[in-house]
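Visitor: Could you work out the structure for the sequence below:
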Amino acid sequence: MFFSKKGGFHCLVLYLNSDEPHPLQIVMPDEVANDVISTMKKLEKSSLNDHKFIGNLGPFSIIQDIQGFQKIEIHNDTLTWSEPMLYTDFAKKLGDRLQALVNDDTDEVEEDLIYFVGEFTMMQDNGFVAPF
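Guide: Sure, this is the predicted structure:
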């Protein structure tokens with residue numbers, strides 16, 4: 001993923017409520033932040049925000065949106081979750097998980113599942129950025 005040096009970044013911090021609760025940092029350029037954050041807020045409120053649907057990425061709560069920074073310095077690289085994840089990588093992981101639910105064709109599949117598969121596919125393909 002190419003980030004422009006002219007723009008700033010957002011870091012969306014999620015709190016993962018898992019066996020070992022921890023934060024997860026998702027980094028994105030300013031130009032896609034509104035779309036990504038909007039989608040993440042919708043997913044946070046969705047019934048899909050559950051361990052049985054999104055695996056070790058959930059359930060999560062959005063705890064911070066850090067705006068306008070230029071770099072992240074990591075002071076403890078021994079923690080596996082201390083390094084931020086690019087929003088496209090996060091979207092791929094989550095999109096693959098949700099697509100697997102569609103392919104399973106279970107009765108538990110939510111009505112908004114197709115919506116989120118589309119949103120995370122656009123995120124992973126960087127489709128939130130206009131090509132011009």
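Visitor: Mind listing what's buried along stretch 9-23?
Guide: For stretch 9-23, burial by neighbour count (16 or more other CB atoms under 10 Å) applies to Phe9, His10, Cys11, Leu12, Val13, Leu14, Leu16. All C-beta spots, glycine's among them, are computed from the backbone N, C-alpha and C.
Visitor: do you know how far Leu48 is from Asp112?
Guide: Noted for Leu48: a distance of 7 Å to Asp112, by CB to CB, to the nearest Å.
Visitor: Compare neighbour counts for the two and give me the winner.
Guide: Comparing Leu48 with Asp112 by other CB atoms under 10 Å, the one with more neighbours is Leu48, at 24 against 14.
Visitor: Enumerate every residue touching the residue nearest in space to the middle of the chain.
Guide: Note on the chain: the residue nearest the mean C-alpha position is Phe90, at 4.7 Å, using CA atoms, centre = their mean. Counting by CB atoms under 8 Å, 6 or more residues apart in numbering, Phe90 touches Leu24, Ile26, Leu57, Met123.
Visitor: on that earlier part again, what's the closest of the buried residues of stretch 9-23 to Glu73?
Guide: Nearest to Glu73 out of these is Cys11 (CB to CB; 12.2 Å).
Visitor: in its sheet, what does the helix or strand hosting the closest one sit against?
Guide: Here Cys11 is covered by strand 9-16, with elements defined by DSSP states H and E. Applying DSSP bridges to the sheet, strand 9-16 is found paired with strand 22-29 (antiparallel), strand 60-69 (antiparallel).
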